[in-house]
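Novice: Structure for this input, please:
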Amino acid sequence: MNKEEIMSKIVERINKCNACRLSETRINVVPGEGNIYSPVMFVGEGPGEEEDKTGRPFVGRAGKLFDKILESVGLKREQVYIANVVKCRPPKNRVPMPDEVEACSPFLMAQIEVINPRVIVPLGATAMKFFLGDSVKSITSARGKLYSWKGEIKVFPMFHPSYLLRNASKAPGSPKYLTWEDIKKLKKMYDDFTRQMKSR
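Specialist: Have a look, this model is predicted:
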């Protein structure tokens, strides 16, 4: 089976999943979308209201800001892969419970295995904790740094776009300013990885 076929099998399983309580309140599952050959994979916390309605990740207000962040360095969402730690919306957008994360984690791990990205970008504290555990205390101290993960995969945490919506300032040192610095670093990594893949 090729990558596309394996990913479609994973999505099929996600669609049928009722392994935790989140399946009882969802409208749609939100498996993820994008380029399964991309060197960069973004991982958020979980679907929100708009995502639950559409079955697509990052399409609400935070998603629109996410698109703008990508576009600011000439990237499109079709060039990367976007997923979440949990595939169903937690009620009232609460943080997913540890047992919900555990029930859903085999799906995310299977997606990572298929995509085999060079760098995973956890957006926000919940996603960061999934990859780095308690080794880092906060997203503020971890963002913009590269961490070794499994195999050759690196983890590069960034602020979640919804956090940026609540912090509008663009002054030096503000979350928006720091995100601009981070996305420029990420674009350079993306370009370097893409070049390496082409030269193989």
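
Novice: Not counting its neighbours along the chain, what's nearest the most centrally placed residue in the chain?
Specialist: The centre of the chain sits closest to residue 43, judged by Cα atoms, centre = their mean, with a distance of 1.4 Å. In this structure, residue 43 finds its nearest non-sequential neighbour in residue 127, 4.8 Å apart by Cβ to Cβ, 6 or more residues apart in numbering. For the C-beta atoms, the positions are set from N, CA and C on the backbone; glycine is no exception.

Novice: On the three-state scheme, the one you found is what?
Specialist: Put simply, residue 127 is helix when judged by DSSP: H, G, I helix; E, B strand; the rest coil.

Novice: Please apply the same query to residue 57.
Specialist: coil.

Novice: Neighbours of it, how many?
Specialist: Residue 57: 26 surrounding residues under other Cβ atoms under 10 Å.

Novice: In space, what's closest to it - neighbours in sequence excluded?
Specialist: residue 82 (4.7 Å).

Novice: got a list of what the one you found touches?
Specialist: 32, 33, 34, 41, 42, 43, 44, 57, 58 (Cβ atoms under 8 Å, 6 or more residues apart in numbering).

Novice: any chance of these in TSV, plus secondary structure, pLDDT and distance to residue 191?
Specialist: Output for the contacts of residue 82, formatted as TSV (DSSP: H, G, I helix; E, B strand; the rest coil; pLDDT from 0 to 100; distance: Cβ to Cβ, whole Å):
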residue	secondary structure	pLDDT	distance to residue 191
32	coil	97	23
33	strand	97	22
34	strand	97	17
41	strand	98	16
42	strand	98	17
43	strand	98	21
44	strand	97	23
57	coil	97	24
58	coil	96	22
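
Novice: Return a ChimeraX selection command for the buried portion of these.
Specialist: Buried members of these, defined by 16 or more other Cβ atoms under 10 Å, are picked up in ChimeraX with:
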select :32,33,34,41,42,43,44,57,58
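
Novice: Columns distance to residue 15 on top of the contacts of residue 82, output as TSV?
Specialist: Listed next are the contacts of residue 82 as TSV, based on distance: Cβ to Cβ, whole Å:
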residue	distance to residue 15
32	12
33	14
34	18
41	20
42	21
43	19
44	19
57	15
58	19
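
Novice: Specify which member of the contacts of residue 82 is nearest to residue 150.
Specialist: Residue 150 lies nearest to residue 41 out of the contacts of residue 82, by Cβ to Cβ, at 12.8 Å.

Novice: what sits opposite that closest one in the beta ladder?
Specialist: With DSSP bridges as the criterion, residue 41 is bridged to residue 81, residue 120.

Novice: Please work out which residues outside the lengthiest helix in the chain touch it.
Specialist: Longest helix in the chain by number of residues (criterion: DSSP state H): helix 175-199. Residues outside helix 175-199 that contact it (Cβ under 8 Å, 6+ apart): 39-40, 69-70, 72-75, 79-80, 118-119, 121, 143-144, 156, 158-159, 163-164, 167-171.
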